[in-house]
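Enquirer: Provided below are the primary sequence and the corresponding predicted coordinates.
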Amino acid sequence: MEMIKSYTDIEQSRKLAEILSADSADMHYNNASIKGINYVDEYRAELMDYNTAQKVLSKYLINPMFGIIPCWSLVALLDVLPNYQLQTQDDGIGILCSCNGKFNIVTADNTINACYEMIIKLHELKLL
């Protein structure tokens, strides 16, 4: 059974931020605290795109412990992938991408993880 996952986890988000444009992120993680700008909390995902979050939360940026990390929903990840096809497989969810006449496939336990793995693979092959 597929594990339900709606967006990239924080480790995946950090890695994708090195590869993808922050403009493609439709969510973000931040550790702002309701206690004020001198405090930080645990990172949590929020439904605000990364660029908007940068503007809205700019007052927190004076605290060096504060961070905003881009985060991608399934829709945003699929928008990044070229010529993809989702496939249900015995061992999970597969994504097939056709790039430059070659087919690449990855399988993972859920769709978010499969998209993440495909983006990493295409980046390593210099196809993304």
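Expert: Good, I have the coordinates.

Enquirer: please state the offset of the longest helix belonging to the chain from the chain centre?
Expert: Longest among the helix segments of the chain by residue count, using DSSP state H, is helix 111-124. Relative to its parent chain, helix 111-124 has a centroid offset of 10 Å by Cα atoms, centre = their mean, to the nearest Å.

Enquirer: contacts for that helix, please.
Expert: 2, 5-8, 12, 15-16, 19-20, 74, 77-78, 80-82, 84, 86, 92-95, 97, 99, 104, 106-108, 128 (Cβ atoms under 8 Å, 6 or more residues apart in numbering). All C-beta spots, glycine's among them, are computed from the backbone N, C-alpha and C.

Enquirer: list the buried ones in it?
Expert: 111, 112, 113, 114, 115, 116, 118, 119, 120, 121, 122 (16 or more other Cβ atoms under 10 Å).

Enquirer: alpha carbons of it, as PDB, please.
Expert: Provided in PDB are the C-alpha atoms of helix 111-124 (Å, rounded to 0.1, in the frame of the first residue of the first chain):
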ATOM      1  CA  THR A 111       4.600   9.200  -5.800                       C
ATOM      2  CA  ILE A 112       6.500  12.000  -4.100                       C
ATOM      3  CA  ASN A 113       9.500   9.800  -3.500                       C
ATOM      4  CA  ALA A 114       9.400   8.500  -7.100                       C
ATOM      5  CA  CYS A 115       9.300  12.000  -8.500                       C
ATOM      6  CA  TYR A 116      12.200  13.000  -6.200                       C
ATOM      7  CA  GLU A 117      14.300  10.000  -7.300                       C
ATOM      8  CA  MET A 118      13.600  10.700 -11.000                       C
ATOM      9  CA  ILE A 119      14.600  14.400 -10.600                       C
ATOM     10  CA  ILE A 120      17.800  13.300  -8.900                       C
ATOM     11  CA  LYS A 121      18.500  10.700 -11.700                       C
ATOM     12  CA  LEU A 122      17.800  13.100 -14.500                       C
ATOM     13  CA  HIS A 123      20.000  15.800 -12.900                       C
ATOM     14  CA  GLU A 124      22.900  13.300 -12.600                       C
END
